[in-house]
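*Asks:* Return a 3D structure for these sequence lines:
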Amino acid sequence: MLSFSQTVFKIKIFVLAGIILTLPPAGVFSAQSYEIGVVTKNNLNLRPEPKMMLTPLKMLKKGTKVRILEHLNGWLKITHEGQVGYIRDRKEYVRIISDIEQFKKEAENIGKKIEKGKADVLTSTREEASIVSSLNDIDLALNKVRKRSSAFKSELMALEKKTTETTNASKDLMKRIKAGEDYASKRLVALYKLNWLGRIHILATAQSMYELIQNKKAMERILAYDENIRQNLLEDKAKLQQLLVRLNDQKMEKLSLEAKLQNQIAIKSQERAKRAELLDDIRNKKSLEMAVLEYFKQAADDLDQAIKSLSSGSDPAKQINLSQKSLFVSLKGLLNMPAKGKIVSFYGPYQNTRFNVVNFRSGIEIKADRGEPIRTVCDGQILYASWFKGYGNMIIIDHGDNYYTVYAHAEELFMSKGDTVEMGEVVATVGDSGSMIGPSLHFEVRHHGKPVDPLQWIKKG
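*Replies:* Numbering: from 1, shown residues only. Take a look at the predicted model:
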């Protein structure tokens, strides 16, 4: 089978050849064919017959090319723009060249045009590949923006929680301060009255020395309690001031985070618009759609190599452990769907009717809502959880016995490499990263790195 670049090149050269290689019928360029004349004098008379005195049919400009039909005693019978006439056969009037020479020149020009066409096709092919590759760059940029937006949202939620706690704490303090101020106000009135009566008068009312000492101690305790209330009131006011400053800082931080979030949302909108425009171009331009086919074929090959590399580089001890615990083989035909949705593309070879080529899908495509949970179909260990060109955010799970499942085009990944997962555990959410059809899940089952039909493992219905 021809490669993508060879196919595009062949198609375009045939089109190019159809435009510029409009050659005369066979035999025209034989030794008996017509000669070519190039007019070397400006305003050369073309006469209706080989006679000088006849009125010219028209005048030929210098450099005009004519076909020579016949040589007649100093005259040349020629044809030009469908008109037949006669011109003088003199070197100062016309330069005669043979068809062979002319054909060589034309062939030389055609050859140059073909070479230029080849260069244009190769340049165009590289440009198309670059355009399709930019889809991955846009997806990556979108993914980064989404992560930053998600981080800002999380920070905002945490900040709002802190702000609520700070607000509630300040309200409690204000209640305490109000209660303390009310008490302090009453105690000030009492102290004022005490000073008006005099401490000595209060102590002098004692009937005995013992009562005097008890009154003195009671007064000291009351005054100490009042002082403690006063100190607490001052501390509460200081704390309230700190809380109000903190609350103001949190409000400023919230405004800053909201501005950053709005900026990320605007960037996301721009990137989504660019992606939509590129996808529209891809769907409308045959050459770009062919480039996409090659792009995803290369991505699938890269995934094959990556799984081989990942599986060979994993910890043997963990592999043995996992293999012993694996239920994967026994669950063939009994696995649940990894996400709720509709299968829109099936595993295996399929005929691309538009380009008349046979392609191969290594998994199934499940059309689903954005944010729909993606659940692992069986117990296993995360082998890979990151971005992969052509697949977007992707997770590979090792289920032991050299069986693996692949989950691609995810929006968010909740797991990291090395994590163990259980059947039905949510590992990601559905997105459109790397997808050409919008929010969907690309799901694969592999054995020894090679893809097998996932529908043989998923239970019917």
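*Asks:* how near is A169 to K175?
*Replies:* Between A169 and K175 the distance is 11 Å, computed by Cβ to Cβ, to the nearest Å. Every residue, glycine included, has its C-beta placed from N, CA and C.
*Asks:* ditto for Y347
*Replies:* Taking Cβ to Cβ as the measure, Y347 and K175 are separated by 67 Å.
*Asks:* between A169 and K175, which one's more packed in?
*Replies:* Remark: of A169 and K175, A169 carries more neighbours, 15 against 11, as counted by other Cβ atoms under 10 Å.
*Asks:* Report whether the expected contact of the more buried one with L243 is present.
*Replies:* Yes - A contact is recorded between A169 and L243 when judged using Cβ atoms under 8 Å, the distance being 5.8 Å.
*Asks:* tell me, what's touching the two both at once?
*Replies:* Shared contacts of A169 and L243 (Cβ atoms under 8 Å, 6 or more residues apart in numbering): none.
*Asks:* In space, what's closest to N232 - neighbours in sequence excluded?
*Replies:* Distances taken as Cβ to Cβ, 6 or more residues apart in numbering put G180 closest to N232, at 6.3 Å, once the chain neighbours are dropped.
*Asks:* now swap in V344 and tell me
*Replies:* Excluding the flanking residues, the one nearest V344 by Cβ to Cβ, 6+ apart is K367, at 4.8 Å.
*Asks:* same deal with E258?
*Replies:* With Cβ to Cβ, 6+ apart as the measure, L156 is the residue that lies nearest to E258, at 6.9 Å, once sequence neighbours are left out.
*Asks:* Please enumerate the helices of the stretch 301-450 of the chain.
*Replies:* Applying DSSP state H, counting those that start in this stretch to the stretch 301-450 of the chain gives helices spanning 316-325.
*Asks:* Going along the chain, name the strands of it.
*Replies:* 342-345, 348-352, 357-361, 364-367, 373-375, 380-388, 392-400, 403-413, 420-421, 426-430, 440-447, 450-452 (DSSP state E, counting those that start in this stretch).
*Asks:* Adding distance to L69, mean pLDDT and mean neighbour count, write these out as CSV.
*Replies:* Listed next are those as CSV, based on distance: least, Cβ to Cβ, whole Å; pLDDT from 0 to 100; neighbours: other Cβ atoms under 10 Å:
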stretch, distance to L69, mean pLDDT, mean neighbour count
strand 342-345, 66, 93, 13
strand 348-352, 54, 79, 11
strand 357-361, 52, 77, 13
strand 364-367, 69, 94, 22
strand 373-375, 80, 96, 21
strand 380-388, 71, 92, 20
strand 392-400, 70, 92, 25
strand 403-413, 71, 94, 24
strand 420-421, 88, 94, 18
strand 426-430, 77, 95, 22
strand 440-447, 70, 94, 23
strand 450-452, 71, 92, 16
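*Asks:* Which one of those lies nearest to V94?
*Replies:* Shortest separation from V94 across the strands of the stretch 301-450 of the chain is recorded for strand 357-361, at 55.4 Å, computed as Cβ to Cβ.
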